[in-house]
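Student: give the three-dimensional model of this entry:
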Amino acid sequence: MAKFQSLHDAVAENIRDGDTVAYEGFTHLIPHAAAHETIRQKRRDLTLVRMTPDLIYDQLIGMGCARKLIFSFAGNPGVGLLRRLRDSVENGWPHKIEIEEHSHAAMANAYEAGAAGLPCAIFRGYLGAELKRVNPNIKSVTCPFTGEELAAVPAMNPDVGVIHAQKADRQGNVLIEGIVGVQKECILASKRSIVTVEEIVDDLNPHPNACVLPHWTVTSIAQVTGGAHPSYAQGYYPRDNKYYIDWDPIAADRDAFLAWMEENVLKVGPEIFASRVEGL
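Tutor: A predicted model of the protein is given here:
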């Protein structure tokens, strides 16, 4: 049964040093507020998982929260590099993280396998690709029925899955609309979960084929208006493109990065997200 909590308490109870944590969202509903609270609580040695790590992973890595990154594609969408990620891998600042790179298909299938309680994901992929040379978790198996060579990767079962969604009702059921990505699979595959939402309502009023997470699949729910900013939340606010563009020169300089994080993350709480989306 989902527990309604403040974001501070949800992170304090569910995310522990050394955990594997997935903050999922695919261009849309990215859980920035929850990741910022993780930074404020100074979690360390996290294995971070995400199909498309962008700015929030740059911030987690730059603030020393991460030990390892499991991912498929990393970048500042429409702008370029994740400079804090690159500085960590190439120069060891603030420390050197491990990386485990996959394709999008592998990550999606790994979440699906984890959600289904399977030990691994088997799919068509990686034929002719060189990622297998640097990632020992990419294997090949032979189909016992056809003899076809297939790819296999371990199932993804994070300690904590974290997502942002539009609504939760008072029973703890969660509605996700728009681009869903692997949010549903992430929550179902995780041992514990945190869902931040724009609002809590009496009735979700879901449309046919809507994505609804039942209350028994979610550990903690926290209302954080604007909690996906600078990404967008369909029906609530658009993407803040300027934020993404402005991030590049900030992240390029270590001192500028630390100063920005101090002013915009460490000194503020989740309520800042609501004010940021008011003008969008």
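Student: counting neighbours, what do you get for residue 175?
Tutor: 19 (other C-beta atoms under 10 Å). Yep, even glycine has a C-beta here, placed from its N, CA and C like the rest.
Student: ok, residue 205 next?
Tutor: Residue 205 has 10 nearby residues by other C-beta under 10 Å.
Student: tell me the pLDDT of it.
Tutor: With respect to pLDDT, residue 205 has a value of 91.
Student: kindly report the same for residue 27.
Tutor: For residue 27, the predicted pLDDT is 89.
Student: residue 279 belongs to a strand, doesn't it?
Tutor: No: applying DSSP: H, G, I helix; E, B strand; the rest coil, one finds residue 279 to be coil, outside a strand.
Student: roughly how far does it sit from residue 68?
Tutor: 37 Å (C-beta to C-beta, to the nearest Å).
Student: same question, residue 189
Tutor: 18 Å.
Student: residues contacting residue 150?
Tutor: 122-124, 140-143 (C-beta atoms under 8 Å, 6 or more residues apart in numbering).
Student: how does it look with 6 Å?
Tutor: Contact analysis of residue 150 by C-beta atoms under 6 Å, 6 or more residues apart in numbering lists 122, 141, 143.
Student: measure the first one to residue 138 for me?
Tutor: Just to be clear, that refers to residue 122. Counting by C-beta to C-beta, the gap from residue 122 to residue 138 is 12 Å.
Student: with neighbour numbers in mind, choose between these two.
Tutor: Neighbour totals were compared for residue 122 and residue 138, and residue 138 leads with 21 against 15 (other C-beta under 10 Å).
Student: before we move on, the earlier item: and residue 189 and residue 68? Which one has more around it.
Tutor: It is residue 189, of residue 189 and residue 68, that has more neighbours when counted by other C-beta under 10 Å, with 24 against 15.
Student: so that one sits against residue 117, correct?
Tutor: No: using C-beta atoms under 6 Å as the test, residue 189 is too far from residue 117 to be in contact (8.9 Å).
Student: which stretches of the stretch 51-200 of the chain have low pLDDT?
Tutor: Along the stretch 51-200 of the chain, the model assigns pLDDT under 70 to no residue.
Student: which stretches in it count as strands?
Tutor: Under the criterion DSSP state E, counting those that start in this stretch, strands of the stretch 51-200 of the chain are mapped to 66-71, 98-101, 120-123, 139-142, 149-154, 160-169, 174-176, 192-201.
Student: any idea how this protein splits into domains?
Tutor: Using automatic domain parsing, the domain ranges for the chain come out as 3-102+157-271, 104-154.
Student: looking at the ones you listed, which is buried most?
Tutor: domain 3-102+157-271 (a mean of 19; mean count of other C-beta atoms under 10 Å).
Student: next one, pLDDT for residue 279 please.
Tutor: For residue 279, the pLDDT comes out at 75.
Student: hang on, I meant residue 237
Tutor: 97.
Student: how about it, nearest residue that isn't a chain neighbour?
Tutor: residue 277 (4.2 Å; C-beta to C-beta, 6 or more residues apart in numbering).
Student: looking at the strands of the stretch 51-200 of the chain, spot the one closest to residue 250.
Tutor: strand 66-71 (18.7 Å; C-beta to C-beta).
Student: kindly reformat the strands of the stretch 51-200 of the chain as JSON lines containing distance to residue 216.
Tutor: Listed next are the strands of the stretch 51-200 of the chain as JSON lines, based on distance: least, C-beta to C-beta, whole Å:
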{"stretch": "strand 66-71", "distance to residue 216": "27"}
{"stretch": "strand 98-101", "distance to residue 216": "31"}
{"stretch": "strand 120-123", "distance to residue 216": "24"}
{"stretch": "strand 139-142", "distance to residue 216": "34"}
{"stretch": "strand 149-154", "distance to residue 216": "26"}
{"stretch": "strand 160-169", "distance to residue 216": "13"}
{"stretch": "strand 174-176", "distance to residue 216": "11"}
{"stretch": "strand 192-201", "distance to residue 216": "11"}
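Student: I would like the residues contacting stretch 7-16, please.
Tutor: By C-beta under 6 Å, 6+ apart, stretch 7-16 touches 21, 37-38, 41, 43, 160, 192, 194, 220, 222, 224, 270.
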